[in-house]
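Asks: need coordinates for the below:
(chains A and B)
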Amino acid sequence: MNIANPKTRLRRLPLKRGLDVTILSMGLFTIALIMLTGEAYRRLAVDNQQQSLATVVAIETDEVLQTLAEKSRQLGLDIQQHPDVRNAVHNHGSTSVHSLTEQFKRFFVTASVLKLEAIRILDSDFRTLAFASRTGSAETATARCDRLQQDAAKRTGHERLRALSRLCAYHGKAYYAQILPIGLRPDGYVMLVIDPAHNLVQLEQRMKLPVALYQPDQRLLYRSENWDKNIDPRASLEAEYRLTGDDGEPVLDIRAQGDFRSFYERLVQLQHLIVLLAVIATLLTMIAARYVTRKIVLEPLHYISSQLRRTGTGRRISDLSEQNIIAVHEFAELQELYSALHEMALTDPLTQLPNRLHFERRLENMFESACTNNETHALCYLDLDQFKVVNDSCGHSAGDLLLQQLAGVFRQHIRSVDLFARIGGDEFALLLEHCSPAGAERIANQLRSAVQDFRFFWQGRCFTVGVSIGVVPVQATSGSASRIMSLADASCYVAKQQGRNRVHLCKESDTRIEAYDADIRWAARLQQALSEDGFELFCQPVLACAHRQPHAGFLEILVWLRDPDGELIAPGEFLCVAERYGLVPVIDRWVLARALSWLQDKPCLNPGTRYSFNLSGYSLADDDFLNFVIDRIDSSGIDPELLAFEITESGAALNFTRTLKFISVLKGMGCCFILDDFGTGLSSFTYLQSLNIDYLKIDGQFVNKVLRSDVDLRVLDAIVQLGRSLQITTIAECVESELVFRKLQQLGVDLAQGYYLQAPVPLETYRHKIHGTPAISCE
Amino acid sequence: MAESRKFNVLVLAGWLFAAPGPALPAADVLQTSPVVSPEQISGVRRVDAEGLLDLVAQIDDLTLIDARIESDRKNGYIENSISLPDIRTDCESLARQLPSLDHPVAFYCNGPRCGRSATSAKAAVQCGYNQVYWFRGGIEEWTEKQYPLVR
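Replies: As a prediction, this is how the structure comes out:
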């Protein structure tokens, strides 16, 4: 199964190696082609040389034969002038002619330039009168070249006076024969038969080349001494010239050997040079191809894949132009791929609006341009108001549809130069180029009213949504893009705080924004404290005002925040923020759990002391919180009768039913309940009755002003009376002086708490303090 | 070696194409005189090579006179011709060769541009010979027609 078939193997071949292989094979092919071409050229050159050599041999041979003809004509004239010949012709006497044979022999001897084979004397009718031959044989003297004799006889008139010659073969041997007239009439003829090989040997000297002569039957007649028998066909060549008789029969073959060596050597050198160049060219092509491939294919591919990975991890991707990958422009498909990727990375898939990444980049650019050109742009931060309602009641698909439709609504109001982006679930942002804050506010209001007019229909139901918009100018003084963004966020928050569905323009030194900023910082500190255990438990005793008081006091557990630099911050400073950011329930749990486990560790400490805990409305409204409290009490093993919980009217109002349940369950277990801050909130008698509480803690503002304000004194008095009539123990907090304390005693307040009696102290150190305090009782 | 061979071939080939034809025989080239023989000479019968050969065949006692200077003869002459250069031709020298005024006699020299044979023929007519033949074409025409010369 693991054996890859060739196709897959080919596909797995790395691009670079694939290119190398292709170019290398092309290079090899080229070299082979060069070799073949070289060989073809060599053959052509050899053929040319051979032809040239053959031409030379032919020309030289013809010259030799011409010389031969001339010499033999002169010899013939010499012979025919000889008196014996004249006599023989005139007498027609064959006998006397025969006797001249001896005379003829001298011509054989003297004619060193010619090799005379035979002489014939013919009468006027070309009949042989006398003959002589070199060998003396009558047969060789008469039979050779008799065709010439016949041809000469066919001529008439003055034609017969002309010399007639031809090459002929006799028994495979070549001869040159010539017939010349005797006298002008003519009276007879002289015929000479000559061996042409004797003269043709001169070709060797004339051409300065080895020469060989062959008979037509390939018998060797002559061969030069320096004739190379083991001829190297690559380095030398032979040219052949065939002599033929008048009727076309072969007479003699002349061969010459041409020296081809230096030419061949140069040819081979040239071939090697070309092969070397081809190899170099192939290598260079390979390098160039690698380089080009890297530049126009691999680098852009790597770049795109790296960008793809960046997009996957949510980091920003850069523009193609930033990377200066020009080559990508030549690769249309890559470019398409890249732009698709780019598009994908910068677009919100649901609404097809630009996404947060796109927005942030544009914002940065805009801020830079604002800084360099001192321009003013604007940013609108939009948060839908009722989106959660649609999403929760109709499902996410409805929410998605709503967002899509809203995106369409927004698009109608946006200039093409501006950027409208979806940057979160139901958060949008609008960047307005070259737009004054006032103009941006106007546009934001247009958007807000457009959203307000918009109706969303879902399964027969109709919804309206609102939008809170924060508008922030983008200018050089803005600080940074992230600062602008957080300002926009804050402005939007402020708009929401102001009652939703409105626009808040962030101005310079905007107090609301600053407060919001402070809140945000507080929230961050609280979050940090929660995760790093940055809270500290404090306690402040609530004491009986008189000795005879049957009501025992208790310790109110407080939570203080420890700053990173060790400073302790009272709860009044941070609890409002904690409430706004929904952190109070977490703090409540932390306090309860920490305090109970502390008490559990120290069972012998202050036996019988009761402890009270502050609970926020959010904790009361939380169903799990009740279970948490019961669970903690059970696991700590502390007597629930020692525990009291302080709640506020507004907290209880948050979820009244659930609060009632909370109270009834814990009271059933023995816990007490204290209504805190009484007098400032609702101060409802219904609440007092239905909540079934045990203590009433009068708000500190009445207590503080009891000596100065008659109204406050009467309110206080009324509350005390109310408590007494409802049999609810009253507690006065924030008692800061002896005078106030005495007044409270006079009024008949049961319990008191405050800096005059005891400042809050860390829970850990409480025991020592209480023993060291003399004013434990009101006396 | 091969280089020089190739060069030779080239030179040879070039020469072959450049040359208009085979060189003329030396005898004809020697005669560079602008003299051109007259077409006809009164009292003289002009013959061509074949006419001359016919005369030789028909008239047994025809005397053939070579009017050229003697040195020209060594390059070849028509068989049985007698050397009598035109400058030495007068009635007396002619009389030594020709037995009578009726004796047939033929003159030739190198060719039409030679002029010697014309001079000699005129002289013979003036001396009173009445069978004077003149081979105007001379050696030039003779060799052109490949008739034999002797030396």
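
Asks: which parts of the stretch 501-650 of chain A are helices?
Replies: A:511-532, A:571-580, A:584-601, A:617-621, A:623-636, A:649-654 (DSSP state H, counting those that start in this stretch).

Asks: among those helices, which comes closest to A:Leu739?
Replies: helix A:571-580 (23.6 Å; CB to CB). For the C-beta atoms, the positions are set from N, CA and C on the backbone; glycine is no exception.

Asks: so which elements touch that closest one?
Replies: Packing partners of helix A:571-580 (3 or more CB pairs under 8 Å, 6 or more residues apart in numbering or on different chains; DSSP states H and E): helix A:511-532, strand A:554-562, helix A:584-601.

Asks: mind listing what's buried in the longest one?
Replies: For helix A:511-532, the neighbour count (16 or more other CB atoms under 10 Å in any protein chain shown) marks A:Arg512, A:Ile513, A:Tyr516, A:Asp519, A:Ile520, A:Trp522, A:Ala523, A:Arg525, A:Leu526, A:Ala529, A:Leu530 as buried.

Asks: can I get the residues you listed in JSON lines including distance to A:Ile179?
Replies: JSON lines is the format used below for the buried residues of helix A:511-532 (distance: CB to CB, whole Å):
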{"residue": "A:Arg512", "distance to A:Ile179": "144"}
{"residue": "A:Ile513", "distance to A:Ile179": "140"}
{"residue": "A:Tyr516", "distance to A:Ile179": "141"}
{"residue": "A:Asp519", "distance to A:Ile179": "144"}
{"residue": "A:Ile520", "distance to A:Ile179": "139"}
{"residue": "A:Trp522", "distance to A:Ile179": "145"}
{"residue": "A:Ala523", "distance to A:Ile179": "141"}
{"residue": "A:Arg525", "distance to A:Ile179": "143"}
{"residue": "A:Leu526", "distance to A:Ile179": "144"}
{"residue": "A:Ala529", "distance to A:Ile179": "145"}
{"residue": "A:Leu530", "distance to A:Ile179": "143"}
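
Asks: hmm, back to that, go through the helices and strands packed on helix A:571-580 and name the closest to chain B.
Replies: helix A:511-532 (98.5 Å; CB to the nearest CB).

Asks: that closest one packs against which elements?
Replies: Under the contact rule (3+ CB pairs under 8 Å, 6+ apart), helix A:511-532 is packed against helix A:481-497, strand A:554-562, helix A:571-580, helix A:584-601.

Asks: hmm, back to that, which of the helices of the stretch 501-650 of chain A sits most buried?
Replies: helix A:617-621 (a mean of 23; mean count of other CB atoms under 10 Å in any protein chain shown).

Asks: and chain B, is the biggest helix by length in chain A touching that?
Replies: Counting by DSSP state H, the longest helix found in chain A is helix A:15-81. Yes. Helix A:15-81 lies within reach of chain B by CB under 8 Å from any CB of the partner chain, at A:Gln49, A:Ser52, A:Leu53, A:Thr55, A:Val56, A:Ile59, A:Gln74, A:Leu77, A:Gln81.

Asks: and the next helix or strand past that helix?
Replies: Following helix A:15-81 in sequence order, the next helix or strand is helix A:83-91 (DSSP states H and E).

Asks: can you spell out which helices and strands pack onto that next one?
Replies: So helix A:83-91, by 3+ CB pairs under 8 Å, 6+ apart, packs with helix A:94-98, strand A:116-123, strand A:128-133, strand A:173-182, strand A:188-194.

Asks: if we use 7 Å, what do you get?
Replies: With contacts defined as 3 or more CB pairs under 7 Å, 6 or more residues apart in numbering or on different chains; DSSP states H and E, helix A:83-91 has these neighbours: helix A:94-98, strand A:116-123, strand A:128-133.

Asks: relative orientation of it and strand A:188-194 in degrees?
Replies: 130 degrees (axes from the mean of the first three to the mean of the last three CA atoms, to 10 degrees).

Asks: could you check the angle helix A:83-91 makes with strand A:173-182?
Replies: 70 degrees.

Asks: re the thing from before, worst average pLDDT in the helices and strands packed on helix A:83-91?
Replies: Lowest mean pLDDT within the helices and strands packed on helix A:83-91: helix A:94-98, a mean of 52.

Asks: give the contact list for the residue lying farthest from the centre of chain A.
Replies: The C-alpha centroid of chain A is most remote from A:Asn91, which lies 118.8 Å away (CA atoms, centre = their mean). Neighbour list for A:Asn91: empty [criterion: CB atoms under 7 Å, 6 or more residues apart in numbering or on different chains].

Asks: grab the nearest non-local neighbour of A:Leu682.
Replies: Excluding the flanking residues, the one nearest A:Leu682 by CB to CB, 6 or more residues apart in numbering or on different chains is A:Glu649, at 4.7 Å.

Asks: quick one: low-confidence residue ranges for chain A.
Replies: Along chain A, the model assigns pLDDT under 70 to residues A:1-13, A:93-106, A:108-112, A:139-141, A:232-236, A:308-335, A:547-552, A:603-607, A:767-779.

Asks: could you list the domains of it?
Replies: A:43-212, A:280-340, A:347-508, A:530-772 (automatic domain parsing).

Asks: now do stretch A:469-488: distance from first to last residue.
Replies: End-to-end distance for stretch A:469-488, by CA to CA, to the nearest Å: 9 Å.

Asks: so what touches that stretch?
Replies: By CB under 7 Å, 6+ apart, stretch A:469-488 touches A:363-364, A:366-367, A:370-371, A:374, A:376-382, A:437, A:440-441, A:444, A:447-448, A:489-492, A:494-495, A:503-506, A:513.

Asks: if I look at A:Ala544, how far off is A:Gly553?
Replies: Note on A:Ala544: its distance to A:Gly553, by CB to CB, to the nearest Å, is 5 Å.

Asks: also A:Gln74?
Replies: On the measure of CB to CB, A:Gln74 and A:Gly553 end up 172 Å apart.

Asks: which one's more surrounded, those two?
Replies: A count of neighbours by other CB atoms under 10 Å in any protein chain shown puts A:Gly553 above the other of A:Gln74 and A:Gly553, at 21 against 16.

Asks: A:Asp750 is in contact with the more buried one, correct?
Replies: No. A:Gly553 lies out of contact with A:Asp750 (CB atoms under 7 Å); the separation is 9.6 Å.

Asks: joint contacts of these two?
Replies: Listed contacts common to A:Gly553 and A:Asp750 are A:Ala544; contacts here mean CB under 7 Å, 6+ apart.

Asks: burial measure for A:Ile304, as a count.
Replies: So A:Ile304, with other CB under 10 Å, has 20 neighbours.

Asks: now it, what's its secondary structure?
Replies: helix (DSSP: H, G, I helix; E, B strand; the rest coil).

Asks: sorry, back to before: show me what the longest helix of chain A is packed up against.
Replies: Using 3+ CB pairs under 7 Å, 6+ apart as the contact definition, the elements that helix A:15-81 packs against are strand A:173-182, strand A:188-194, helix A:197-200, helix A:203-207, strand A:236-244, strand A:250-259, helix A:261-293, helix B:2-18.

Asks: do the first one and chain B meet at all?
Replies: Yes. Contact between strand A:173-182 and chain B is present through A:Leu180, A:Pro181 (criterion: CB under 7 Å from any CB of the partner chain).

Asks: within the sheet, what are the partner strands of that strand, with directions?
Replies: strand A:164-170 (antiparallel), strand A:188-194 (antiparallel) (DSSP bridges).

Asks: hmm, who's touching it?
Replies: By CB under 7 Å, 6+ apart, strand A:173-182 touches A:68-69, A:72-73, A:76-77, A:80, A:85, A:89, A:117, A:144-145, A:148, A:152, A:160-161, A:163-168, A:188-197, A:215, A:243, A:251-252, B:148.
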